[in-house]
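**Student:** Sharing a model that was predicted from the sequence below.
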Amino acid sequence: GQNIDQPTEMTATEGAIVQINCTYQTSGFNGLFWYQQHAGEAPTFLSYNVLDGLEEKGRFSSFLSRSKGYSYLLLKELQMKDSASYLCAVRDPQRGGSYIPTFGRGTSLIVHP
Amino acid sequence: GAVVSQHPSRVICKSGTSVKIECRSLDFQATTMFWYRQFPKQSLMLMATSNEGSKATYEQGVEKDKFLINHASLTLSTLTVTSAHPEDSSFYICSATGGSGYTFGSGTRLTVV
C-alpha cells in the first residue's frame, strides 16, 4: 500500500525559512512531487525529485532521500502569499499502469507578518 | 506550458439531479486523465483514471454507476455525477500528464442542496 505523512500545520514569520517534511512508504517509487494549493484552487506544480539530493528553484528547494523514504520542501524568504497548503505526492509504478500519484494530506502553512 | 481547462468552476444542483464536469487539455493530448475529489482540509482522493477510448478504472469504494466518466477524445474527459446527494458536495479536480508532472484543472465546487 501507500502511506504518506506530512505535518498538518506549520506557522512561520515573513522573511524566514521553513522546512516541510514528508515521509513515505510505498510499494514502488518513481518520483516525488511537491504542489502548492491555495484554498479553493487547484494544486500548482512546485518540484519533482526522482534522484537523491537537493533541487533548487528560486526561493523553493526540494530534497529527496530514497533510502530513508524522506523528502522536504524548503521555502526561503517567506512571503505572505506563501500561505497555502503544500502537498507531497509520490508516484508508484506498481500502482496500476498509469504511474498514479498518491497525495499526502497536505501541510497548511501560515505565514505571519 | 500545459493547461487543463475545467468547467464549471462552481455548480449548485438539486438533490437527485445530474451534473456534468468537463476537463479539456489545451495544446497537448491527454491520453490519461485523473479525477480527484477533495473534502475541506483533506487530501486529494483519487476517484478514477480515465484513458482515451477505453473504460475508466475506478478506485475501490467509488461507485462507477454514480460517477460516470467518459474520455472520448485525447483532449476531453467528462465526469457526470448522477442522482447527486448532499454528501456528494465536494471539490472535484481533474489532472492530466502534461508539462511538468501532472497538470490540474482549476477544480469544480459542487454543492448539492
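**Tutor:** Looks like it came in fine.
**Student:** For chain A, which residues are neighbours of chain B?
**Tutor:** A:33, A:40-45, A:48, A:87, A:89, A:96, A:98-106, A:108 (C-beta under 8 Å from any C-beta of the partner chain). Where you see a C-beta, it was placed from the backbone N, CA and C, and this is true even at glycine.
**Student:** Just the buried ones out of these, please.
**Tutor:** Listed as buried from the residues of chain A next to chain B are A:33, A:41-43, A:45, A:48, A:87, A:89, A:98-106, A:108; burial here means 16 or more other C-beta atoms under 10 Å in any protein chain shown.
**Student:** How many residues are close by the residue of chain B found nearest chain A?
**Tutor:** Minimum separation of chain B from chain A (C-beta to the nearest C-beta) falls at residue B:104, amounting to 4.0 Å. Neighbours of residue B:104 under the rule other C-beta atoms under 10 Å in any protein chain shown: 24.
**Student:** same question, residue B:80
**Tutor:** Counted by other C-beta under 10 Å, the residues lying close to residue B:80 total 15.
**Student:** isn't it right up against residue B:18?
**Tutor:** Yes: counting by C-beta atoms under 8 Å, residue B:80 does reach residue B:18; the two are 5.8 Å apart.
**Student:** partner strands of the strand or helix carrying residue A:62, parallel or antiparallel?
**Tutor:** Assigned by DSSP states H and E, residue A:62 belongs to strand A:60-65. Strand pairing for strand A:60-65, determined by DSSP bridges: strand A:53-57 (antiparallel), strand A:70-75 (antiparallel).
**Student:** isn't residue A:10 right next to residue A:20, touching?
**Tutor:** Yes: using C-beta under 8 Å, residue A:10 makes contact with residue A:20 at a distance of 6.4 Å.
**Student:** between those two, which one's more packed in?
**Tutor:** Applying other C-beta under 10 Å to residue A:10 and residue A:20 shows that residue A:20 carries more neighbours, namely 21 against 17.
**Student:** ok, that one to chain B distance?
**Tutor:** 14 Å (C-beta to the nearest C-beta, to the nearest Å).
**Student:** Hmm, residue A:71 and that residue touching each other?
**Tutor:** No: using C-beta under 8 Å, residue A:20 is not in contact with residue A:71, being 9.2 Å away.
**Student:** anything in contact with each of those two?
**Tutor:** Jointly contacting residue A:20 and residue A:71 under the rule C-beta atoms under 8 Å, 6 or more residues apart in numbering or on different chains are residue A:88.
**Student:** what residues are up against residue A:75?
**Tutor:** Contacts of residue A:75 by C-beta under 8 Å, 6+ apart are A:17-20, A:59-60, A:82, A:109.
**Student:** follow-up on the earlier one: save the strands paired with strand A:60-65 as JSON lines, and put in mean pLDDT and distance to residue B:92 too.
**Tutor:** Shown next, in JSON lines, are the strands paired with strand A:60-65 (pLDDT from 0 to 100; distance: least, C-beta to C-beta, whole Å):
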{"stretch": "strand A:53-57", "mean pLDDT": "94", "distance to residue B:92": "29"}
{"stretch": "strand A:70-75", "mean pLDDT": "98", "distance to residue B:92": "26"}
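**Student:** Among the ones you listed, show me which one is buried the most.
**Tutor:** strand A:70-75 (a mean of 20; mean count of other C-beta atoms under 10 Å in any protein chain shown).
**Student:** between the next helix-or-strand element following that strand and strand A:60-65, how many degrees?
**Tutor:** Moving toward the C-terminus from strand A:70-75, the next helix or strand (DSSP H and E) is strand A:84-91. With axes from the mean of the first three to the mean of the last three C-alpha atoms, to 10 degrees as the basis, strand A:84-91 and strand A:60-65 are set at 40 degrees to each other.
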